[in-house]
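# 3D, please:
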Amino acid sequence: MESILLFLIPLVLLKTLLISSLFPKKRDIIVFGVVCVLWIVGMHSFAIGQNKLVLERLVSSQSAITDFSILVMFDLLLTLGFSQSLLKKIAGEKRNWSQKIVGYAPLILIFPVLSYLHVNLFFQFPGHRFGLLTVLFGASILIFIVGGSFLLRKIVREAEIRIELVLLFSLLLFLLTICFTVFHPSSLIYSHSQPIEWRQLILTILVTFVLAVIGLLWQLFYKKRKNSNKTSKKS
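Purely as a prediction, here's the structure:
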């Protein structure tokens with residue numbers, strides 16, 4: 001499961017930055033960053049009481065992966081509602097009360113990811129003061145979320161492109177979670193050992209991700225070129 005999380009955690013963090021960059025006001029981004037810091041501070045006592053062997057056994061269980069896949073599915077549904085609500089707002093269409101509420105849907109996956117990183121931070125630095133580590137970790141997450149969201153707003157100015165990236169990361173998270181759940185060792189019927197071809201798996205994921213990014217960049221370039229052509233014709 002730890003190998004699986006190495007693929008999922010970066011996707012969750014990037015998706016968090018993309019969604020927080022779509023918040024209507026800068027104040028909302030700062031509030032969300034503060035909420036994440038409060039979550040880290042609140043989980044301090046829980047993180048201290050964890051045992052490495054017990055945690056690894058729990059995380060590697062089939063039930064934990066199944067629960068995580070359900071959480072990813074629920075997060076995907078919220079993301080779809082969030083994206084639809086935001087697109088309607090951009091288009092100037094009228095939204096009902098439920099769509100307005102979904103437009104402020106919380107980012108669910110970031111909180112278990114923060115807890116997992118918090119616990120592993122204590123395992124990596126056992127001889128240091130846990131309170132200081134929690135403070136440093138919370139400050140780092142606040143800078144990462146707030147600074148990263150503002151930076152994404154400047155790099156990718158069009159909200160539609162960021163929405164497409166959010167949907168792409170959500171779909172990739174969902175597909176990877178389903179694949180890891182289905183191909184978990186406890187779910188396999190055959191009993192003979194079969195090594196995982198990590199090189200082919202990583203290569204497939206990288207190729208898929210690169211092709212998706214190329215497609216999005218090409219779409220962005222095509223839109224800018226189309227807009228420049230319209231401007232030149234008007235002039």
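# which parts of whichever strand or helix holds Ala47 are buried?
Using DSSP states H and E, Ala47 maps to helix 44-48. For helix 44-48, a neighbour-count test (16 or more other Cβ atoms under 10 Å) marks 44, 47 as buried. C-beta: built from backbone N, CA, C; applies to glycine.
# Could you check how far Ile205 is from Leu11?
10 Å (Cβ to Cβ, to the nearest Å).
# Specify which residue of those two has the higher count of neighbours.
Using other Cβ atoms under 10 Å as the criterion, Ile205 and Leu11 rank with Leu11 on top: 19 against 13.
# Report the separation between that one and Arg57.
Plainly put, Leu11 is 25 Å away from Arg57 if you go by Cβ to Cβ.
# Any idea how far stretch 134-152 is from the middle of the chain?
Its chain's average C-alpha position is 14 Å from that of stretch 134-152, according to Cα atoms, centre = their mean, to the nearest Å.
# and what of stretch 103-120?
Distance of stretch 103-120 from its chain centroid, counting by Cα atoms, centre = their mean, is 9 Å.
# Please apply the same query to stretch 36-45.
Computed by Cα atoms, centre = their mean, the chain-centroid distance of stretch 36-45 equals 19 Å.
# Repeat that for stretch 85-95.
Using Cα atoms, centre = their mean, the offset of stretch 85-95 from its chain centre is 24 Å.
# Mind checking the pLDDT average for it?
The pLDDT scores in stretch 85-95 average 80.
# Give me the helices and strands touching the longest helix that the chain contains, please.
Of all the segments assigned as helix in the chain under DSSP state H, the longest by residue count is helix 198-234. Here helix 198-234 touches helix 159-182, going by 3 or more Cβ pairs under 8 Å, 6 or more residues apart in numbering; DSSP states H and E.
# And the host helix or strand of Leu86, what's buried?
Using DSSP H and E, Leu86 maps to helix 62-91. By neighbour count on 16+ other Cβ under 10 Å, the buried set for helix 62-91 is 65, 68-69, 72, 75-76, 78-83, 85-86, 88-89.
# From those, pick the one nearest Ser115.
Proximity of the buried residues of helix 62-91 to Ser115 (Cβ to Cβ) peaks at Phe68, which lies at 12.4 Å.
# now that closest one, nearest residue through space, not along the chain?
Leaving aside its sequence neighbours, Phe68 sits nearest to Thr177 (Cβ to Cβ, 6 or more residues apart in numbering; 6.6 Å).
# Leu168 against Leu211, yeah?
No - with contacts defined as Cβ atoms under 8 Å, Leu168 does not count as touching Leu211, sitting 11.0 Å away.
# what ranges of this structure fall below the confidence cut-off?
Along the chain, the model assigns pLDDT under 70 to residues 1-4, 59-62, 104-106, 181-197, 201, 222, 226-227, 229-235.
# can you rerun that using 80?
Per-residue confidence for the chain (pLDDT under 80) gives these ranges: 1-7, 50-69, 91-93, 95-107, 126-128, 176-201, 203-205, 207-235.
# burial of the residue nearest to Phe68, as a residue count?
By the criterion of other Cβ under 10 Å, Thr177 has 24 neighbours.
# Ok, Leu172 next?
Using other Cβ under 10 Å, Leu172 has 18 other residues around it.
# Distance of it relative to Leu6?
Look at Leu172 and Leu6: by Cβ to Cβ, they are 14 Å apart.
# on that earlier part again, for Leu168 and Leu211, indicate the residue with more neighbours.
Leu168 (18 against 10).
# Skipping adjacent residues, who's closest to that one in space?
Counting by Cβ to Cβ, 6+ apart, Leu168 lies nearest to Ala212, which is 5.6 Å off, once chain neighbours are set aside.
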